[in-house]
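Trainee: structural data only, the sequence is not supplied:
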DNA sequence: AAAGTTATGTTATATTGTAACAATTATTTT
DNA sequence: AAAATAATTGTTACAATATAACATAACTTT
């Protein structure tokens, strides 16, 4: 995330694109799913499932763990969010339009998660996988440390 | 893992090196810790904490979750094992001597986990991190898919 | 409208991981 | 060797994360 960034635009773009993709794909962005997606986009931190559960309760009094996990499953299948494996948490995907692999930079201090394309890394990785004769289905590259803003 | 590999040698090396490093470092490779390390090295699959708990019970009747998690913490601190974040599981580290980053190739079929150095990937990653001005403390690169043996 | 599909409600439970404090064992200091 | 200190383990309880299974409701297609 650049220091200066208009977050409401950021969220609006994500929600609009998600809605559009759902229409194209003939799948339903139901109220619950949209609310979960909005809650995930509240900031650039990774959010835990049970935090989402607490946050959605004012909107969906009947919400239970399954409510959240089902919405998360859907949003992941559609590629709208990523699971941060090393945190058991979730973040909104910054680039719904172009298919891409995710390199996640997770700051220990501000807890922001930045998603980067990192084409060169992915290229080197593809080579390495070829060498290993390994057919990749999914890739998780998660780096923990300190982001640019937090290392002054 | 190469198809042909003498696993008992593989395990022996890991255990011997671990014991030696513990002596050098002045830390204790206690019975429990050694047993957990051996159980992790039983094969090249990632092992779950509660599976380890079941497997250690014949040897340590009093074993409880904390018993396992403490041993796992120790073994990780010493760099003898890795946590596979995307599986909530653990594997033995194949290279105790040279410090290195881990690229983990996780086969969905045979469930073997192969650890590779992947210097080119790490180099590209270092460049990307520099570009992002991100100071890395830990790196998890986990690829799920089909290994060479399972793609015939 | 009926049938089929998709989504949600609901209860219960499985899985993964930690906190806190007591008891024991190992190591260092006297 | 005895005492003091540190490290490890025992033990109980519980927190946090995630899924299964089945009932009900809502949409879609015919």
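Mentor: Thanks, I have the structure now. These numbers were taken from a predicted model, which means no experiment stands behind them. Numbers count the residues shown, from 1 in each chain, chains lettered A, B, ... in the order given.
Trainee: report the separation between residue A:65 and residue A:34.
Mentor: As judged by C-beta to C-beta, to the nearest Å, residue A:65 and residue A:34 stand 19 Å apart. Placement of C-beta: from N, CA and C, glycine included.
Trainee: residue A:101 now?
Mentor: Per C-beta to C-beta, residue A:101 is found 26 Å from residue A:34.
Trainee: check residue A:133 too.
Mentor: Taking C-beta to C-beta as the measure, residue A:133 and residue A:34 are separated by 42 Å.
Trainee: who's more crowded, the two?
Mentor: residue A:34 (17 against 12; other C-beta atoms under 10 Å in any protein chain shown).
Trainee: give me the secondary structure label for the closest residue in space to residue A:34 that isn't next to it in sequence.
Mentor: Distances taken as C-beta to C-beta, 6 or more residues apart in numbering or on different chains put residue A:15 closest to residue A:34, at 7.1 Å, once the chain neighbours are dropped. Reduced to three states with DSSP: H, G, I helix; E, B strand; the rest coil, the structure at residue A:15 is helix.
Trainee: now do the contacts for residue A:15.
Mentor: A:34, A:37, A:38, A:41 (C-beta atoms under 8 Å, 6 or more residues apart in numbering or on different chains).
Trainee: and the two most separated of those?
Mentor: For the contacts of residue A:15, the farthest-apart pair by C-beta to C-beta is A:34 and A:41; their separation is 10.5 Å.
Trainee: from residue A:45, how far off is residue A:10?
Mentor: 13 Å.
Trainee: got it, and residue A:149?
Mentor: Distance, residue A:149 to residue A:45, by C-beta to C-beta: 14 Å.
Trainee: and for those two, which residues touch both?
Mentor: residue A:112.
Trainee: got the domain ranges for chain A?
Mentor: Chain A breaks down by automatic domain parsing into domains covering A:7-92, A:103-150.
Trainee: quick one: the helices in chain A?
Mentor: Residue ranges of the helices in chain A, as given by DSSP state H, are A:7-25, A:31-40, A:49-56, A:65-77, A:119-131.
Trainee: chain B contacts on chain A?
Mentor: A:85-86, A:103, A:105, A:107-108, A:114, A:116, A:118, A:120-121, A:123-125, A:127-129, A:132-148, A:151 (C-beta under 8 Å from any C-beta of the partner chain).
Trainee: can you rerun that using 6 Å?
Mentor: Contacts of chain A with chain B, taken as C-beta under 6 Å from any C-beta of the partner chain, map to A:85-86, A:105, A:118, A:120-121, A:124-125, A:128, A:132-148, A:151.
Trainee: gap between residue A:111 and chain B?
Mentor: Here residue A:111 is placed at a distance of 14 Å from chain B (C-beta to the nearest C-beta, to the nearest Å).
Trainee: neighbours of the closest residue in space to that residue that isn't next to it in sequence, just the number please.
Mentor: For residue A:111, ignoring the flanking residues on the chain, the nearest one in space by C-beta to C-beta, 6+ apart is residue A:45 at 4.8 Å. Burial of residue A:45 is recorded as 18 neighbouring residues (other C-beta under 10 Å).
Trainee: look up how far residue A:87 lies from residue A:45.
Mentor: Counting by C-beta to C-beta, the gap from residue A:45 to residue A:87 is 10 Å.
Trainee: is DNA strand C contacted by the helix or strand of chain A with the lowest mean pLDDT?
Mentor: Lowest by mean pLDDT, DSSP states H and E among the helices and strands of chain A is helix A:7-25, with a mean of 93. No: Helix A:7-25 stays clear of DNA strand C (C-beta under 7 Å from any atom of the strand), getting no nearer than 8.8 Å.
Trainee: report the buried residues of that helix.
Mentor: Neighbour counts over helix A:7-25 (16 or more other C-beta atoms under 10 Å in any protein chain shown) mark A:10, A:11, A:14, A:15, A:18, A:21, A:22 as buried.
Trainee: flag every residue of chain A that's near DNA strand D.
Mentor: By C-beta under 7 Å from any atom of the strand, the residues of chain A that approach DNA strand D are A:26, A:28, A:48, A:49, A:50, A:51, A:64, A:65, A:66, A:69, A:88.
Trainee: can you rerun that using 6 Å?
Mentor: A:48, A:49, A:50, A:65, A:66, A:69, A:88 (C-beta under 6 Å from any atom of the strand).
Trainee: okay then, goodbye and thanks.
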